[in-house]
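Student: here is my input, please return the structure:
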Amino acid sequence: MNTWRTLVALAWPTVFSGWTKASFVVVDTYSAGQLKGQALAGLASGVLFGWLIHSLGHLTSSGTLAFCAQARGAGDDDRARRTYTDALALAVGCGLFTSVAFYLLADPLIRLLDLPPDTHAHAVDYVQGLVVLGPFFWIAETSEQAFRAFFDVKTPLYLVVAAALVNVALNPILTLGAGPIPALGLFGTGLATGISWVFMSLALLFFAVRRGYLTRPSSAADILLGAPRLMRVGLPLAITNACFDLIWMVLTPYVVMTGPAALAAIGVGHRMEALGYLTGVGVGHATSALVGHATGAADRARALDVNAKATVLATALIGVWAACLLLFPTEIVGFFTDEHAVIEMCRDYLAVSALSMVLQGWEQVGTGAFEGTGRTVLPTAIAIVGYGARIPLVAMVVVHGHTAIFLTVAATAVLCGLCITLAFVFIGSKAVPQRA
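Tutor: Numbering: from 1, shown residues only. As a prediction, the model looks like this:
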């Protein structure tokens, strides 16, 4: 197997798939902007819970990728098919439980944000519309990762693009109404995303059956007995993502203390970083599939080789975007705002975050390598400690202004990326057996 050729072949469709998924929020934002009142603010609040729902999807999808890839690396395609099939049953169960829970608890949970009444109502509508068809999201996420384990990455990409087009078509109709279809507001915005999940999940299942990726499921008892093993891979990753969101919620008041422009600059800066972050996630998924394959084949040297080459690939791809942000910050930020104070602060943010953007790519690659081995507790611990340190550090430096906060955020990202990369090389790779 040519590592470079296989890595690139797996990575580029996964990267483009992540970029395409980012378009859902863009379309939601456009539709919300057409509504009166505090719809945009409600959407921003509801999206926080949307990310939490997406994070929970790791519970079944990450273990599916790891164990299907390991089975295929060991030459046991029957075990890979069984893993995927049983994971689907768990995905349906988890999807039903979380969807009902979020639908019923959306109002009291969002009330904790202490939003104005109009904003609160919009946020509840969005979350409830999003989770009505929630189980299909779990099916789609689990299936997408299984396809990657089978080295079938173009099919999910094509279907993600098709699902995004379904969302583009339905979003304004369900949000604003058209003909006999009533305007559903942000409930319709979330529902349009849910319908796109239905399309994608059913299409993935169709191709999975045609290509022989599925088999008869195990008994209900065996599926339940295997659930902890599958979920222990994704649970730490779900916790990491949830904690990252919560940490930024805690940091927000400190950022506001330096002025509203600083908060706006970070918001725009996060949009700039998203392209690099999603690129890292895509390369990380490819790394996970290949390291999982090497784990099943008991080839530690190949696992280390994949991790090293994936780190180089992520550095090159993200480095190009980071260089663009360093060289043309005013022109790029100008697409999002024309406020001079925000542009100036965003230039400061991008100047200090360019290096950390690359190291975040290392973090995603390293985490993907750990995921491939099926052991994700260590990178989760590093990320939680590293990013959690932002809270006391920012509290100490806030008196020095927004630049001190930006530097602190960038420094913690750099340290996390370095530590997770080194942790896989010296610790995580030992989980991969080595042939005599």
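Student: pLDDT value on the nearest residue to residue 43 once chain neighbours are set aside, please?
Tutor: Nearest residue to residue 43 in three dimensions, chain neighbours excluded: residue 32, at 4.2 Å (CB to CB, 6 or more residues apart in numbering). Where you see a C-beta, it was placed from the backbone N, CA and C, and this is true even at glycine. What the model reports for residue 32 is a pLDDT of 83.
Student: again, but for residue 219
Tutor: Looking at residue 219, the pLDDT reads 93.
Student: measure it to residue 226 for me?
Tutor: Per CB to CB, to the nearest Å, residue 219 is found 11 Å from residue 226.
Student: same deal with residue 19?
Tutor: On the measure of CB to CB, residue 19 and residue 226 end up 34 Å apart.
Student: more neighbours: which of these two?
Tutor: residue 226 (18 against 14; other CB atoms under 10 Å).
Student: how about that one, phi and psi?
Tutor: phi -90, psi -10 (degrees, to the nearest 10).
Student: so it makes contact with residue 85?
Tutor: No - using CB atoms under 8 Å, residue 226 is not in contact with residue 85, being 11.3 Å away.
Student: any common contacting residues for the two?
Tutor: The contact sets of residue 226 and residue 85 overlap at residue 218 (CB atoms under 8 Å, 6 or more residues apart in numbering).
Student: helix/strand/coil for residue 212?
Tutor: Classification of residue 212 using DSSP: H, G, I helix; E, B strand; the rest coil returns coil.
Student: wait, residue 362
Tutor: The three-state assignment at residue 362 reads helix, by three-state DSSP.
Student: and the gap between residue 169 and residue 27?
Tutor: Counting by CB to CB - residue 169 and residue 27 are separated by 10 Å.
Student: those two: which is more packed in?
Tutor: residue 27 (21 against 14).
Student: now do the same contact list for that one.
Tutor: Counting by CB under 8 Å, 6+ apart, the residues that residue 27 touches are 164, 167-168, 171.
Student: so where does it fall, helix or strand?
Tutor: In this structure, residue 27 sits in helix 3-33 according to DSSP states H and E.
Student: hmm, who's touching the helix or strand just after that helix?
Tutor: Later in the chain than helix 3-33, the nearest helix or strand by DSSP H and E is helix 39-56. For helix 39-56, the surrounding residues in contact (CB under 8 Å, 6+ apart) are 25, 28-29, 32-33, 94, 98, 102, 106, 109-110, 113, 115-116, 118-127, 130-131, 134, 137, 185-186, 189-190, 237-238, 241-242, 245, 249.
Student: now the helices for the stretch 301-436 of the chain?
Tutor: 329-333, 340-373, 377-388, 390-397, 402-426 (DSSP state H, counting those that start in this stretch).
Student: mean confidence score for the second one?
Tutor: The average pLDDT for helix 340-373 rounds to 89.
Student: who are the packing partners of that helix?
Tutor: helix 58-73, helix 220-257, helix 260-296, helix 300-327, helix 329-333, helix 377-388, helix 402-426 (3 or more CB pairs under 8 Å, 6 or more residues apart in numbering; DSSP states H and E).
Student: got those helices as JSON lines, with distance to residue 141 columns?
Tutor: Listed next are these as JSON lines, based on distance: least, CB to CB, whole Å:
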{"stretch": "helix 58-73", "distance to residue 141": "4"}
{"stretch": "helix 220-257", "distance to residue 141": "10"}
{"stretch": "helix 260-296", "distance to residue 141": "11"}
{"stretch": "helix 300-327", "distance to residue 141": "22"}
{"stretch": "helix 329-333", "distance to residue 141": "31"}
{"stretch": "helix 377-388", "distance to residue 141": "19"}
{"stretch": "helix 402-426", "distance to residue 141": "23"}
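Student: just name the most buried of these.
Tutor: helix 58-73 (a mean of 27; mean count of other CB atoms under 10 Å).
Student: residues in contact with residue 58?
Tutor: 234-235, 237-238, 241.
Student: quick check, pLDDT for the spatially closest residue to it that is not a sequence neighbour.
Tutor: Spatial nearest neighbour of residue 58, excluding adjacent residues (CB to CB, 6+ apart): residue 234 at 3.6 Å. For residue 234, the pLDDT comes out at 93.
Student: for residue 234, give its distance to residue 293.
Tutor: Distance from residue 234 to residue 293, by CB to CB: 19 Å.
Student: my guess is residue 196 meets residue 170, correct?
Tutor: Yes - assessed by CB under 8 Å, residue 196 is found in contact with residue 170 at 7.4 Å.
Student: neighbour count winner among these two?
Tutor: A count of neighbours by other CB under 10 Å puts residue 196 above the other of residue 196 and residue 170, at 27 against 22.
Student: how near is the more buried one to residue 23?
Tutor: Relative to residue 23, and taking CB to CB, residue 196 is found at 11 Å.
Student: between those two, which contacts overlap?
Tutor: Joint contacts of residue 196 and residue 23 (CB under 8 Å, 6+ apart) are 164, 167.
Student: from the contacts of residue 27, which land in helices?
Tutor: Using DSSP state H, the members of the contacts of residue 27 that fall in helices are 164, 167-168, 171.
Student: count of residues packed around residue 26?
Tutor: Around residue 26 there are 11 residues (other CB under 10 Å).
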